[in-house]
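Chemist: What follows is a predicted protein model with its sequence.
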Amino acid sequence: MSEYRLHCFAESGNAYKAALMLELTGQDWQPVFVDFFHGQTRGEDWREAVNEQGEVPVLEHAGEKLTQSALILEYLAERTGQYGPRDDAERREIWRWMLFDNHKFTSYYAALRFIFCLKKMGESDITRFLRERARAAYQIVDAHLAKQPFMVGGRLTIADLSLAGYVFMPEDTGLEVTEFTHIEAWKKRIQAVPGWKHPYELMPRAAG
Ligand SMILES: N[C@@H](CCC(=O)N[C@@H](CS)C(=O)NCC(=O)O)C(=O)O
């Protein structure tokens, strides 16, 4: 059995954050497929056995189960000595962006993608609201990346891996992502890191 087991599915950008970190740091890991689209994360048995919060990613390591992508990223940075902060000021800055990501950048975009692209629920006041909120978060990150190549400390850190959870997903949410030129350039810098892989290559998808 691999040292790390990541409960995940390919369409989950939150799981991709952890999967990409495991891959880029060269860990011995394996994905454990979670059938989200058939309700596995909503089942009482899964919640009891895997995560009471009903979410992926879940990282199993050394007999423990870790949840919440930001905590998983920090755990892996500490254990591997890669992509973490160099001092306390950087630690705070990384957490500031991971919290912003969890609250706004990932969450509005992921909700929009889920109902508009994956569930195909059509255009509505809800999609228009989510798209505006996602656009506002994208503008903030784009402005930050206009000043520096990566989010914190001039190099790739777990703050970038957190924010990049959904930016490589192929679906068209109606947000004109290519207009965010600094984010587009940052995506290319991340893709150039040796070992980078697309989420759909790293994690399993449901058959059919
Ligand atoms: N803040 C969490 C968000 C995790 C999350 O929303 N995961 C989604 C998949 S991308 C999920 O499992 N949702 C299950 C549900 O809402 O029922 C993290 O960063 O790990």
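Modeler: Now that the structure is in, tell me what you want to look at.
Chemist: For residue 86, which residues are in contact?
Modeler: Neighbouring residues of residue 86 by CB atoms under 8 Å, 6 or more residues apart in numbering: residue 153. (Each C-beta comes from the backbone N, C-alpha and C, glycine too.)
Chemist: so who does the residue nearest to the spatial centre of the chain touch?
Modeler: Central residue of the chain (CA atoms, centre = their mean): residue 165, 2.7 Å from the mean position. By CB under 8 Å, 6+ apart, residue 165 lies in contact with 13-14, 16-17, 69, 101, 106, 110.
Chemist: Pull out the buried residues from these.
Modeler: Buried members of the contacts of residue 165, scored by 16 or more other CB atoms under 10 Å, are 13-14, 16-17, 69, 101, 106, 110.
Chemist: if we look at the ligand, which of the residues you listed are close to it?
Modeler: 14, 69 (CB under 6 Å from any ligand atom).
Chemist: that older thread, so which of the contacts of residue 165 sit within helices?
Modeler: With helices taken from DSSP state H, the overlap with these comprises 13-14, 16-17, 69, 106, 110.
Chemist: Please parse this structure into its domains.
Modeler: Domain ranges of the chain: 4-82+196-202, 88-191, per automatic domain parsing.
Chemist: Throw those domains into a markdown table and include mean pLDDT, thanks.
Modeler: Formatted as a markdown table, the domains of the chain follow (pLDDT from 0 to 100):
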| stretch | mean pLDDT |
| --- | --- |
| domain 4-82+196-202 | 98 |
| domain 88-191 | 98 |
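Chemist: The ligand contacts on the protein?
Modeler: 12, 14, 41-42, 54-57, 68-70, 102.
Chemist: Make CSV from the residues you listed and add distance to residue 175 to it.
Modeler: Listed next are the residues of the chain next to the ligand as CSV, based on distance: CB to CB, whole Å:
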residue, distance to residue 175
12, 19
14, 18
41, 26
42, 28
54, 27
55, 23
56, 24
57, 24
68, 25
69, 21
70, 23
102, 19
